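> Pasting the sequence and the predicted coordinates here, then a few questions.
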Amino acid sequence: MTISELDQKIAVEIDLCREQIDAYAQMGLRLFASSSFQSHSIPMLHILSRLGEIDIPIYFIQTGFHFPETLSFRDRVSKDFGLRVVNVSSPISLSEQMGSGPHMLFASNPDRCCHFNKVLPLQLALSENDVWINGVRKDQNSNRASFNYEEKTAEGKIRFHPMLNWSAEMIEHYSKLHKLPVHPLHYENYVSIGCQPCTRKVSNYESFDEREGRWQGLNKTECGLHTQLIAK
Ligand code: SF4
């Protein structure tokens, strides 16, 4: 795609996002966004930060297992963009999450660990709001490729996916254009950065899948936010 085609496509997507968020705000709906503060999440945060009067809190799911670099990157980006970050965590303490065996839950049962530490906090956020804005993209995996711009949760809350039709190329172009900050671990061959125990460096940084490096060795590609919190 040429630079001008990329610019045009991005401008259309940003306009659609603005119009939809304006419409939600006019309906009096309570909006929030979630972000894991990875480099590829930053364009959506940048766009939301420039919406003017509409206050959209950014929920960060504090699992307790993030890299310290992610926490400092979150703080830096939120300060630079003027974001109102709300940290949310599991209603079940980590000590209560220890099973009877010697291993932490992420080692013995990662699906359950993700349920406790990611799905439950987001469910609580949904219970206090009407619209959840999140940055899933169709080109990230086959699950997300099946999503629509707007979906519902099982409880009828709205999921809004403003980045759905963005490609990795558009993300990269927008990030360069606006000189957006880069997560420090990207310079150490991490491409998808989640909780520390479940994230690995990629071997070939020149050719990788964007979700590579997560839950390596397991047949797991999602934490549950985008498989459980969506109406079937
Ligand atoms: S990504 Fe790993 S550590 Fe984080 S909640 Fe899921 S299983 Fe637990």
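Cool, the structure landed.
> Now the residue nearest the centre of the chain: closest residue in space, sequence neighbours ignored.
Note on the chain: the residue nearest the mean C-alpha position is S35, at 4.0 Å, using C-alpha atoms, centre = their mean. Here the nearest residue to S35 in space, its sequence neighbours aside, is S41; by C-beta to C-beta, 6 or more residues apart in numbering that works out to 4.8 Å. From N, CA and C alone the C-beta is placed, and that goes for glycine too.
> okay, now the residue nearest to W166 when sequence neighbours are not counted: neighbour count?
Counting by C-beta to C-beta, 6+ apart, W166 lies nearest to R137, which is 5.5 Å off, once chain neighbours are set aside. Other residues lying near R137 total 21 when counted by other C-beta atoms under 10 Å.
> Now do the phi/psi pair for R137.
phi -130, psi 150 (degrees, to the nearest 10).
> For it, give its distance to P162.
10 Å (C-beta to C-beta, to the nearest Å).
> got a list of what the residue nearest to the centre of the chain touches?
41, 44-45, 58-60, 134-135 (C-beta atoms under 8 Å, 6 or more residues apart in numbering).
> What about these, which are in helices?
Among the contacts of S35, DSSP state H puts 44-45 in helices.
> now the contacts of S35 as TSV including pLDDT?
Below are the contacts of S35 laid out as TSV (pLDDT from 0 to 100):
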residue	pLDDT
S41	96
M44	98
L45	98
I58	98
Y59	98
F60	98
N134	97
G135	97
